[in-house]
Structure formats: structure tokens, C-alpha cells
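Undergrad: Turn this into a model:
(2 chains)
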Amino acid sequence: MSIVTRPYSNPSYVRWLAVCCWLVLAVASPVRADDPPAAPGSVTAVDHPNDVGNAIDLTWEPSPDDRPDIKPPRVIQYEIRRQEVGGDGEWLPVGEQTYGTTTFSDKQVERGHEYLYQVVAVSPEGAVSEAAVTTEPATPTMQYFREDRAWFGLIVLFVCGAVVLFISLAKRGRRLYVRPIPGLEAVDEAVGRATEMGRECLFVPGIQDINDIQTVAGLTVLGRVATHIAEYDADLDVPTARSLVMTAARETVEASYLSAGRPDSFREDDIYYLTDEQFGYVAGVTGKMVRDKPAACFYMGAFYAESLLLAETGNAIGAIQVAGTAMPSQLPFFVAACDYTLIGEEFFAASAYLSGEPFQLGTLRGQDVGKLLGGALLLVGCTVLTIAVFQPEGTAASVADFIKNHILGGAGFLP
Amino acid sequence: MKRTVPLIIAATTGFVLIVAYFIPYTETWGETAMAWFNIIAAVAFVLGGFNLMKNQLQKISDRRPGWGYAAVTLISFVITLFVGLAKVGVTPSETYPEYPWAGAYDQEGAAFWWVYEYLFLPLSATMFAMLAFYIASAAFRAFRAKNVEAVILLITAFIVLLGRTYAGVWLTSWVDPLAAQFESPFMSQLITGLRLDRLTGTIMNVFNLAGMRAITIGIALGVASTSLKVLLGVDRSYLGSGDD
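TA: You can find the predicted model right below:
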């Protein structure tokens, strides 16, 4: 038995019904494949802050058709065009952004010129919407100072000012006390031990180049260690991972031997280049350690994964080891494997400490002033954040926000 | 003179880099200064290569202990240099087929690529792999309970190591049901935090992080102070003696 009742089983009636349905669907359909998407909302163009005047930032409201719930997407990208005011009136394409993005930075503009922008939405089929145009022209201008780094600049100025002040005070003869640093006191002991045992001292100045401040600090310590070595007439071995470090280390050690009154004991070949490759360098140094068994090993500079390989080999051969680095991730390895470790700032203080020169010691007091500032900021920050927990809308919350975003962040000098 | 000129160069470059950080107009000056450094470092490569050859040849010639390693180093150096410079096994570039030397020296299948892929990389990986054994031996020494501090370190390390494994969660799975029995939110929260994975999180994010930040602040101040010493010429030991 048929379930279709008679009127609907008429073939001509069904045909007409199908055609009507198709027409209704076609007319009622919200979009056609080649229909352009809706235009983006208002566009704003402003000068990019803190630059030399070579960029303009654009922001626009997304096209109403640019929504994640529309499948398949109606907008595949936005096209950005630029027109120079007073130019030939041509709209030049300057960039594209994918759907969902509503910002663009035009970095191909000239300082002082005026520009208008338009943004169009593009469908996957290439249909282009009407353009959303900026109402006001934007002019890129140069800023003379990075306002977002103003607070950082002030803090640097304060710390450096304190360092310079204490250097000048020390030069005038003011006595400065520096607490004893066991790792540096041990330098003498280590060199003496090497001399007694008739073995050499190994000095590793890290694996970074001379442009790294840790390498410079390491070479400064090398200068002091080399002076002791020259005085005791012990042997020195300095393998380097960079050619420029080798050259600088030779100059430093030569000066130390000269100041110790033993220029004839200086041998240039004691400071040599191995390789720039991290593990090749480690293989070379550890191989030499195992063969020559130095009595004292100094690791002063920037280290990465090789720190533990070197320090454990030194430990295995029974050498007295002193390490110093400002790489926080490598400090635990050195602490575990070496006899003495100069942690972070102690490493940088080493040259001043070993030299004993008053004006160098002044820099350490300057650092202390910096620590005082850091401690004060920490205290204020902790206090206002604690108060802000109980009064989320109060002054404390505003102060905490200012410290977080302006002083420690990059949101500018003023609120 | 030997120290003054390098000092002037170092100070000028240093101050330019500082100024470039704060003044947009001078940003390109800093980039130029770094480009100069890269050029000097590249030239110094040649110096390093010659020094390496000289040292290894001396070791072989003097028959010093381990001179065989020097021979291996020298042979490896010369072979790598040759296959790289002569582009051994490099096929002509598809873009410039008329120039037989236009192919890249590190092209896949070339001799230099082969040396890098099948000699250099496995050797580097071997050295790196040794780190695991060294960590174990260093940890064994560091965690020996010699005094109160070492005992604290040992307990902390034990909690952190266990807390990072599933065993830590499993062993302290009784903590959450126990915490649910307390009506006081403070006590409940306190006991919940005793589960080993959460305790590990507290140790790492509170105690460890605070210590690391203190060290980092000290390092930052040390860097500023040392840089200033170098720029102002207070510390010139890295420049050698003043004698010409």
C-alpha cells in the first residue's frame, strides 16, 4: 500500500513543487558563494609609539561576517590599502591579515607624510567587501625618547649614579668594608697547592665570546689568578672556545706576569684556541684534564650544559675547584661538584675583591644601593598587593597596578 | 696607546648601545656596532684555525702525552676544511646549472653534510648523553646527609623528584579524602596542599622561585656595575699591559 496520498502522487504536481522549493530556497538563502562579505567596521590609524616615525598602527572592527560560528568562513583575510594625502590618489595595497585579526602595523611609511587607509574583507572566493576608510589622516612622527623604557632608564641611572658616587668617594680615601668571599680566598690556596704538587692550574673562561660581560668578568679574574700563578711560578693552562677570547686572555695574562715581575715565565702557547663547538670544546678540555691532572681548576664565565661535565671530571681527578658564573641554571651543578662557587653577583664582585683597589671596591657599595632599591620595591609591592586583596577597588590596587605595568612593565612613564 | 685606543673603542661602543636602547633615532647605531663585532669575530676564526693547527703540530712534533689525539684532531680538521671548501660531492645548483660550484656546501648527500650528520652529530650527542651519568654522580654527593642543611636539601630533593612522577600522586592519594573530612577551609586547603605533586609545585613556585629571583636581581646589578667599570675604564685588566 502506498503511503503517498493521491494529490502528491501526481507527477506534474511534484515537479512544480520541487521547482517552487528550489526557487524559495534560492531566494531565501542568506549568501551566495560569489557574494562579497560585509565590510569591516570603523578603522583607526595612529602613529606607532616610541619609534623613529616609520610606522603607523591600524585597528578596525571585524566584518560582521568574520565570526568563528560561520562555517564555511565568509571572510578569509583583510586587505589593507594606503593612500598618501596630496599624492596621486592611488590606493596601494600594503598588507594582508588573516581572518580574526583586527590590527596591522604599516612599516613602509615616511616620517612627516600624511596617510589614509582603507580595509576590505575578502571572501574565500576572492569577493571583496566595501572598504572601511579612516576619517582622519595619520602622520608618523619620531619620538626622541622611549617613554615605555623611562622607568627602567631611571632605575639604571640611579644604580649607575650610586656606583659612580661610591667610586669617587673611594678615590677620596674613604675606607670600604667588603665581606670575605670564601671562593676568592681559596684562589691563593688552590694555586699554592698546584705549586706544591708540581701540577698546572686550569682556567676555563666560559664558552661565550668577548662581547658577553661574563667573559669579561672571567678574564678579569684570570688576570688576578695569573698574577698569583706568576708569583708562585706555577703552570697555567687556558683553553678557549673563541679566538677573540684567546687574544684577550693572552694580553691579560701577559700583563699579570709583567706586574708580578716574571715576564720571562709567560708562555703565549699556554692560552690557546680549541673549537667554537660546545661539546667539541668539552671533549678537548676534559681529555686534557684526565691526561695532565691539573691540581686546581677555575671555571669563570658563561657556561651551559658543559658546566657539570667539566666540574665532575675535575672532581674525579681530585682537583681543587673554584667556579663562578651568572648562569642561574648552571649554578646548582657547580655548587654540587666544585669546592667553592661564586654565585652571580659574587662572580662580578671578584675582580674588585681580588684587586683590593679602593675605587673598584666602591662599585660594590654602589651595587648595595641598587639592592636597597630592589628591596624597597619588593616591600612596597608585597604590601600594596596584600592590601589590594582586601580592597580590590582601593588606592592600594591602583598603586600595585602602577608598579606592575608602569615601573616594572612597559606601559609608559605616567598613568 | 695600546690600552687607550681599545678602551676608547669599548667605551664608545658600550655607550652607543646604551643610548640606542632608549633613543629611537640611534637604534641603527647599535645594530651597526654589533655588525662590526660580527665582522671582527669572523676574521678571528682564521686566527683560531691557525692557532689550533700550530698547537696540534707542536704536540705531534714533541711527542707530548696524548699526541695521537692531536693527530686525530688535525686530520679531522683538515679533512672537514677540505670537503667544505672544495664542496666535495656537491651537485650543481638547479638555479645556476652552468656553474658547477654554485651548489651549497652543506647540501644533503655531500661529503661535508655526511661528516656533519654521521660524525659530528653522533659525537656531540654522545658527549651530551654523558651528562645524565654526571648528574647522578653529582646528585649522590650533594644529597649525602652530612649536616642539617644537607638533610633539608635531601628531603626537598626527594619530595620534588617523587612529586614529578605518578608515584608521588599515587602514594599521597589519601590526602584529598582526608582534607574533605575537615570543615575548616583553612585546614582543608592546608592538607590538600600536602599531596606530593602540589607540594612540589609549592616548593618550585614559591621557595625556589624566590631564591632564583634574588640571585637574578644580584646578577643584574653585578652586570650593571661591571659594565660601568669597563665603560669608565675603572677595570682595564682585560686590556693587558700598557706597554707597546
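Undergrad: Quickly find the element holding the residue nearest to residue A:391 when sequence neighbours are not counted.
TA: Of all residues not flanking residue A:391 in the chain, residue A:397 sits nearest, at 6.7 Å (C-beta to C-beta, 6 or more residues apart in numbering or on different chains). Any C-beta I mention is one placed from the backbone N, CA and C, and that applies to glycine too. Here residue A:397 sits within helix A:395-402, counting by DSSP states H and E.
Undergrad: chain center to that helix, what's the gap?
TA: Centre-to-centre, helix A:395-402 and its host chain are 27 Å apart (C-alpha atoms, centre = their mean, to the nearest Å).
Undergrad: distance of the residue nearest to residue A:254 when sequence neighbours are not counted from residue A:223?
TA: Excluding the flanking residues, the one nearest residue A:254 by C-beta to C-beta, 6+ apart is residue A:266, at 5.3 Å. Distance, residue A:266 to residue A:223, using C-beta to C-beta, to the nearest Å: 13 Å.
Undergrad: out of the two, which sits in the more crowded spot?
TA: Comparing residue A:266 with residue A:223 by other C-beta atoms under 10 Å in any protein chain shown, the one with more neighbours is residue A:223, at 26 against 19.
Undergrad: so what's the more buried one up against?
TA: By C-beta atoms under 8 Å, 6 or more residues apart in numbering or on different chains, the contact set of residue A:223 is A:252, A:253, A:255, A:256, A:351, B:237, B:238.
Undergrad: which stretches of the stretch 251-400 of chain A form helices?
TA: Here the stretch 251-400 of chain A has its helices, by DSSP state H, counting those that start in this stretch, at A:278-292, A:306-316, A:331-337, A:345-355, A:358-390, A:395-402.
Undergrad: Kindly reformat those helices as TSV containing mean neighbour count.
TA: Shown next, in TSV, are those (neighbours: other C-beta atoms under 10 Å in any protein chain shown):
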stretch	mean neighbour count
helix A:278-292	19
helix A:306-316	24
helix A:331-337	22
helix A:345-355	25
helix A:358-390	17
helix A:395-402	16
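Undergrad: Mean pLDDT lowest where, among the ones you listed?
TA: Among these, helix A:345-355 carries the lowest mean pLDDT, at a mean of 85.
Undergrad: hey, C-alpha coordinates of that one in CSV?
TA: Provided in CSV are the C-alpha atoms of helix A:345-355 (Å, rounded to 0.1, in the frame of the first residue of the first chain):
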residue,chain,number,x,y,z
GLU,A,345,77.0,38.9,41.9
GLU,A,346,79.9,37.4,43.9
PHE,A,347,81.4,36.5,40.5
PHE,A,348,81.1,40.1,39.3
ALA,A,349,82.5,41.3,42.6
ALA,A,350,85.5,39.0,42.3
SER,A,351,87.7,41.4,40.3
ALA,A,352,87.1,44.3,42.7
TYR,A,353,87.6,42.0,45.7
LEU,A,354,90.8,40.4,44.4
SER,A,355,92.3,43.7,43.3
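Undergrad: anything in contact with each of residue A:266 and residue A:223?
TA: Shared contacts of residue A:266 and residue A:223 (C-beta under 8 Å, 6+ apart): residue A:253.
Undergrad: Enumerate the residues of the stretch 51-200 of chain A near chain B.
TA: A:51-52, A:142-146, A:149, A:153, A:156, A:159-160, A:163-164, A:167 (C-beta under 8 Å from any C-beta of the partner chain).
Undergrad: Take those residues and keep only those in helices.
TA: Among those, the members falling in helices are A:153, A:156, A:159, A:160, A:163, A:164, A:167 (criterion: DSSP state H).
Undergrad: still on that earlier bit, same list, the helices of the stretch 251-400 of chain A, but as JSON lines with distance to residue A:86 please.
TA: Shown next, in JSON lines, are the helices of the stretch 251-400 of chain A (distance: least, C-beta to C-beta, whole Å):
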{"stretch": "helix A:278-292", "distance to residue A:86": "57"}
{"stretch": "helix A:306-316", "distance to residue A:86": "61"}
{"stretch": "helix A:331-337", "distance to residue A:86": "61"}
{"stretch": "helix A:345-355", "distance to residue A:86": "56"}
{"stretch": "helix A:358-390", "distance to residue A:86": "50"}
{"stretch": "helix A:395-402", "distance to residue A:86": "42"}
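Undergrad: what's the span of stretch A:121-137, first residue to last?
TA: Terminal residues of stretch A:121-137 lie 21 Å apart, using C-alpha to C-alpha, to the nearest Å.
Undergrad: What residues of it count as buried?
TA: A:121, A:122, A:123, A:129, A:131, A:132, A:133, A:134, A:137 (16 or more other C-beta atoms under 10 Å in any protein chain shown).
Undergrad: who touches the fourth one in this structure?
TA: Contact partners of residue A:129, counting by C-beta under 8 Å, 6+ apart, are A:36, A:37, A:38, A:39, A:40, A:63, A:120, A:121, A:122, A:123.
Undergrad: Closest one of the buried residues of stretch A:121-137 to chain B?
TA: Of all the buried residues of stretch A:121-137, chain B sits closest to residue A:137, with 22.1 Å by C-beta to the nearest C-beta.
Undergrad: Just the element for the residue sitting furthest away from the middle of chain B, please.
TA: Relative to the centre of chain B, and counting by C-alpha atoms, centre = their mean, the farthest-placed residue is residue B:183 at 50.8 Å. Here residue B:183 is covered by no helix or strand, with elements defined by DSSP H and E.
Undergrad: what's the pLDDT at it?
TA: Reported pLDDT for residue B:183: 88.
Undergrad: Kindly report the same for the one 5 residues further on.
TA: We have a pLDDT of 92 for residue B:188.
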